[in-house]
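> Structure for this input, please:
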Amino acid sequence: MESKRIGAFIIDFIIIALIYDIPFFILVMFPLIQGKAPTSNVIMTRAFISTFIAFILLVFKDIFKDGSIGKKIMKLKIIDSETKEPASLGKRILRNVTWFLSWIEIIVYFVTNKRIGDRLAKTDVVLK
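Numbers count the residues shown, from 1 in each chain. Predicted structure coming up:
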């Protein structure tokens, strides 16, 4: 089960990274390659916008009832840990807000086998 969950995360991460690369390349790299280097403030703003887009994708990746693409591929689902029913949309979004903690979220998962987001939203990820 743990390997499936890690696999789902890797799939989702790759998809989000690829999507992140599109605005980052258009807003930051393309002007630099063309020799039209904007000011450092403009570059930082554009990089922030690209990163914000990636964060939004990460937070909302589970908005579909069956969860993210990675969870669908790995045959996992998000359930309410109290009712054992499929988690509500609000809980599926809330559990991903903690990704802003980045490495802390990952370390907590590997140490305790449960993400901070799952604890906060009272959700579990289980096999379908």
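
> separation between the residue nearest to residue 9 when sequence neighbours are not counted and residue 114?
With sequence-adjacent residues excluded and distances taken as CB to CB, 6 or more residues apart in numbering, residue 9 is closest to residue 70, at 6.4 Å. To be clear about C-beta, it is placed using only N, CA and C from the backbone, and glycine gets the same treatment. For residue 70, the distance to residue 114 equals 18 Å [CB to CB, to the nearest Å].

> Of the two, give the one with the bigger neighbour count.
Set residue 70 next to residue 114 and count neighbours by other CB atoms under 10 Å: residue 70 wins out with 23 against 14.

> By mean pLDDT, point me to the weakest helix or strand of this structure.
Lowest by mean pLDDT, DSSP states H and E among the helices and strands of the chain is helix 30-33, with a mean of 85.

> and residue 49, how many neighbours does it have?
A count of neighbours around residue 49, defined by other CB under 10 Å, yields 14.

> Roughly how far does it sit from residue 81?
Separation of residue 49 from residue 81 (CB to CB) stands at 35 Å.

> Residue 29 now?
Per CB to CB, residue 29 is found 42 Å from residue 81.

> Start and end of stretch 30-48, how far apart?
With CA to CA, to the nearest Å as the measure, the ends of stretch 30-48 fall 16 Å from one another.

> can you pull the buried residues of that stretch?
Of the residues in stretch 30-48, 43, 46 count as buried by neighbour count, 16 or more other CB atoms under 10 Å.

> Can you tell me what sits against that stretch?
The contact list for stretch 30-48, computed with CB atoms under 8 Å, 6 or more residues apart in numbering, reads 24, 27-28.

> Check stretch 58-69 too.
Residues from elsewhere that reach stretch 58-69 (CB under 8 Å, 6+ apart): 8, 11-12, 15-16, 71-72, 76-78, 86, 89, 92-93, 95-97, 99, 125.
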